[in-house]
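Undergrad: Provided below for reference: sequence and predicted model.
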Amino acid sequence: MPATDDQTKGTNEDVYSRIAHDSISERQASTLLRKASVPRFKLEVRSAFGWTDLDDDLNISSPKRRDLEAHQKSLPRLPIPDLQKTCDLLLQSCEAVLTPEEFEKTKAVTTEFRKPGGDGEKLQHMLQQFDQAEGPNAVPSWLEPWWDAAYVKPRDPIAINVNYFFCWEDDPKPANNNQIGRAASLLEGAVEFLVGMRSGNWSLDTERGKPLCMSQYRRVFCASRIPKPKRDVVVTYSKNKPSPESPSFCSKTTTYVDEDPTHVVVMYRNRFFWFDVIKDNQRLEIGAVEAALAKIKKKCDDDPQTSKAPPVGVFTAANRDDWAACYEKMCNADAANKHNFELIHRAIIVVVLEDIAPADDNEFSRLICHGTGTNRWFDKHCMIVCANGRAGINFEHSVGDGATTLRVVDEMYEYSKSHTNPVPSAHDAYVVETHELHWSITDELRQGIIKSYSVFKQAIMMNETASLHFSDFGGSFIKHSGFSPDAFTQVALQLTYYGIFGELTGTYEAASTRQFLHGRTETVRSCTKEVHDFCTAVLQTPLLSTQKARTHLFDLLKKATEAHVGFMRQAKQGHGVDRHLFGLKMMSAVESNYESRPGTAEGTHKSEEGGHRLGAAFFNDAGVSKSSRWVLSTSHCGSPSLRLFGFGPVVIGGFGIGYMIKNNSISFNVTSKYYNNTTSSKLFVLQLQRALFQLQSIVLSHPSNLEAQESTTLAFVHPTNMTQIDADWSETQLWDTVFGY
């Protein structure tokens, strides 16, 4: 018989540790894990965006140390999909979302767009020419300039709407779950990662033996978003910056500064401090980091003026143009303000100490997602540690995606739990110089702070969050039942929505495209005709009515999950629908001078009134727009180090759903805006539990799962005080012995 979880636990953890530290080969790891009887899904929980569900072969993607330049140069460019195939996939995805009348109109518009010599072919040719440009107009990826702009040009607040967050599990050693000790150990993990990256002593990412793009790591630390009118800018501080001759690394939408910062910024009760955590290319001892954080906390707690500290951080939660205007006014008001901003921009990371101790996961996720908006700096990654030691991180999204930051938070957590924090009494042995940032706030700026807080308070009140830790089954049950865990979970989300609203809707799941140079993400359109057929049948068919009904539902579920896996595979290969259509739409805008060509000045005029804009009828079609209105915005980003993962909804009346699939559980974080009585995260979570149980029932009620199982010993005390009964006895023996028949 296979080893039990308890029997293999120690062996498994040893193998995972050796894999993580690259001390064994991929082949050796595979052999050890098979001997340890480790379920394959154990390896999948570290995935992001569901990539591990595409292959049934055990194939560990162990990071390999190799030359970074060679690694990047080996990456293929992001492909431009075939126009006809993209149009076919679009129409497939529209069938479940549109009414028959809407679908016929969209089909006709798409036929016109894709015809030989039509607007689609013209735009396709323009996009291919742009992708092949050389010299100063060359870009690492045809998508990157416009995709980066899609993050930094919108003027809506980025808190809740754009940034995403991770919540770590507690440290397994209870003694380490005090606020200062937890903050210090996690910060040490971040600095350790950065020092290794700067020195080249780090492992490069691969997936099933294929290299993954490392360009996003350059913007994980020492990077900042800076508010500007109409369009923000991103600045990265690094001496190891890419040269103009190295398109493998160089992003034209990021400004690089030749500097390796050594300090972090700490926020506590709206006061700002900084101190160095790297000296002579070595990180500070953990005891010294603890001493510095404890010193800052004590200073604020003992100072009666702390309550009067201006909550400058709330500006980063404001409308971007409003924040840009206040940013400029603050720089002009006092040179000290400008210096403070520069220190924050250059910092490795922002460490936020919270004086709130969240009592449950809903409060925990709300605190890491947005808090009150004051003791935060949303323009930069913020590591947030609560008063009870619970910790999370809020990521500014323009600089990278969860597939990259997942590794960073994993390594921070693994590092932190492997170290025992010194006792507080040992802090006196360290002398660490800390510095406070003092702000000059005019009456006009003070009114700006009040306005920003008032507006963001309304946003917080409009945002509803509900978490679900579903522990009745997880990835192991799903995988052993013959389904992709990610696809199975996506079908559960569709069934949930269908059960509430009686229809399906546009659904986005992120798939990583880091196997390509400067790859980011592609959309998996999870709402398919196969899903629609399944959801309709579930609500119309009594589950246990007949064996035929049970088999029918099981088969429909299988088809729905397989359709999802197919869309995921194509998306990861760069052959999805939405990034391609986005590129074609941007080329249409460039051709009509609605939008500037990347690398040139902004467009200055629009086409003449009544002039033809290539593809206008297609891009403005109601059905095309409806199919890409992401009412369900979802993402799978799981890891054993994480407890929660989430983000806000992307449309009014929509839901933002981050989920993590583990061996024996699935965790969800659902956000929504109070829009009407049915757009409720709490209601969605309740219906989601029901949907998961429905799917489990369909799997277990399949005839192959209802067959008699191998007998086991059954011991119980009969109401008539008979002795224990052995279930291995034959039925005749039972009746003869117990009842005297």
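TA: Thanks, I have the structure now.
Undergrad: from here on, just use CA atoms for contacts and neighbour counts.
TA: Noted.
Undergrad: any figure for the gap between the most centrally placed residue in the chain and His564?
TA: Among the residues of the chain, the one closest to the centroid is Gly402, at 4.0 Å (C-alpha atoms, centre = their mean). Here Gly402 is placed at a distance of 21 Å from His564 (C-alpha to C-alpha, to the nearest Å).
Undergrad: next: Pro358.
TA: 37 Å.
Undergrad: which of these two has more residues huddled nearby?
TA: A count of neighbours by other C-alpha atoms under 10 Å puts His564 above the other of Pro358 and His564, at 23 against 18.
Undergrad: my read: that one touches Ser526, true?
TA: Yes. In this structure His564 lies within contact range of Ser526 using C-alpha atoms under 8 Å: 6.1 Å.
Undergrad: where is the longest helix in this protein?
TA: Counting residues, the longest helix found in the chain (DSSP state H) is helix 547-572.
Undergrad: and it, how far out from the chain middle?
TA: Chain-centre distance of helix 547-572: 25 Å, with C-alpha atoms, centre = their mean, to the nearest Å.
Undergrad: just list what that helix packs against, helices and strands only.
TA: Here helix 547-572 touches helix 485-501, strand 507-512, strand 521-525, helix 529-540, helix 681-700, going by 3 or more C-alpha pairs under 8 Å, 6 or more residues apart in numbering; DSSP states H and E.
Undergrad: want to try JSON lines for the ones you listed, with distance to Asp379 as columns?
TA: Formatted as JSON lines, the helices and strands packed on helix 547-572 follow (distance: least, C-alpha to C-alpha, whole Å):
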{"stretch": "helix 485-501", "distance to Asp379": "31"}
{"stretch": "strand 507-512", "distance to Asp379": "22"}
{"stretch": "strand 521-525", "distance to Asp379": "21"}
{"stretch": "helix 529-540", "distance to Asp379": "39"}
{"stretch": "helix 681-700", "distance to Asp379": "27"}
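Undergrad: can you list phi and psi of the closest residue to Phe395 other than its chain neighbours for me?
TA: By the measure of C-alpha to C-alpha, 6 or more residues apart in numbering, the closest residue to Phe395 outside its immediate chain neighbours is His381, 4.6 Å from it. The phi/psi pair for His381 (degrees, to the nearest 10) reads phi -60, psi 130.
Undergrad: quick one: contacts for His381?
TA: His381 makes contact with 220-221, 349-350, 393-396 under the criterion C-alpha atoms under 8 Å, 6 or more residues apart in numbering.
Undergrad: now do Phe272
TA: Applying C-alpha under 8 Å, 6+ apart, the residues contacting Phe272 are 265-266, 436-438.
Undergrad: out of the contacts of His381, which comes closest to Thr678?
TA: Nearest to Thr678 among those: Asn394, at 28.3 Å, using C-alpha to C-alpha.
Undergrad: measure that closest one to Trp168 for me?
TA: From Asn394 to Trp168 the distance is 11 Å (C-alpha to C-alpha).
Undergrad: any regions of the stretch 351-500 of the chain where pLDDT drops low?
TA: For the stretch 351-500 of the chain, the stretches flagged by pLDDT under 70 are 420-429.
Undergrad: can you map out the strands along it?
TA: Counting by DSSP state E, counting those that start in this stretch, the stretch 351-500 of the chain has these strands, from start to end: 382-385, 391-395, 435-437, 463-470.
Undergrad: Cys326: which of those strands is closest?
TA: Comparing those by C-alpha to C-alpha, strand 435-437 comes nearest, at 17.7 Å.
Undergrad: given that closest one, what are its sheet partners and their directions?
TA: Here strand 435-437 is paired, per DSSP bridges, with strand 271-276 (antiparallel).
Undergrad: average pLDDT for the partner strand?
TA: Mean pLDDT, computed over strand 271-276, is 98.
Undergrad: how about stretch 682-689?
TA: On average, stretch 682-689 scores 96.
Undergrad: show residues contacting that stretch.
TA: 465-468, 470, 492-493, 495-497, 499-500, 670.
Undergrad: tell me how far Asp171 lies from Ser418.
TA: 9 Å.
Undergrad: higher neighbour count, these two?
TA: Shown here are Asp171 and Ser418; by other C-alpha under 10 Å, Asp171 has more neighbours (20 against 12).
Undergrad: next up, phi/psi of that one, please.
TA: phi -70, psi 130.
Undergrad: ok, it - contacts?
TA: Per C-alpha under 8 Å, 6+ apart, neighbours of Asp171: 177, 182, 416-417.
Undergrad: now do the same for it: its pLDDT.
TA: So Asp171 comes in at 92 (pLDDT).
Undergrad: equivalent analysis for the one 5 residues further on, please.
TA: Looking at Asn176, its pLDDT reads 84.
Undergrad: make sure Ile80 is actually in contact with His580.
TA: Yes. Assessed by C-alpha under 8 Å, Ile80 is found in contact with His580 at 6.7 Å.
Undergrad: so these two - more neighbours on which side?
TA: Taking other C-alpha under 10 Å, Ile80 and His580 do not tie; His580 has more neighbours (23 against 19).
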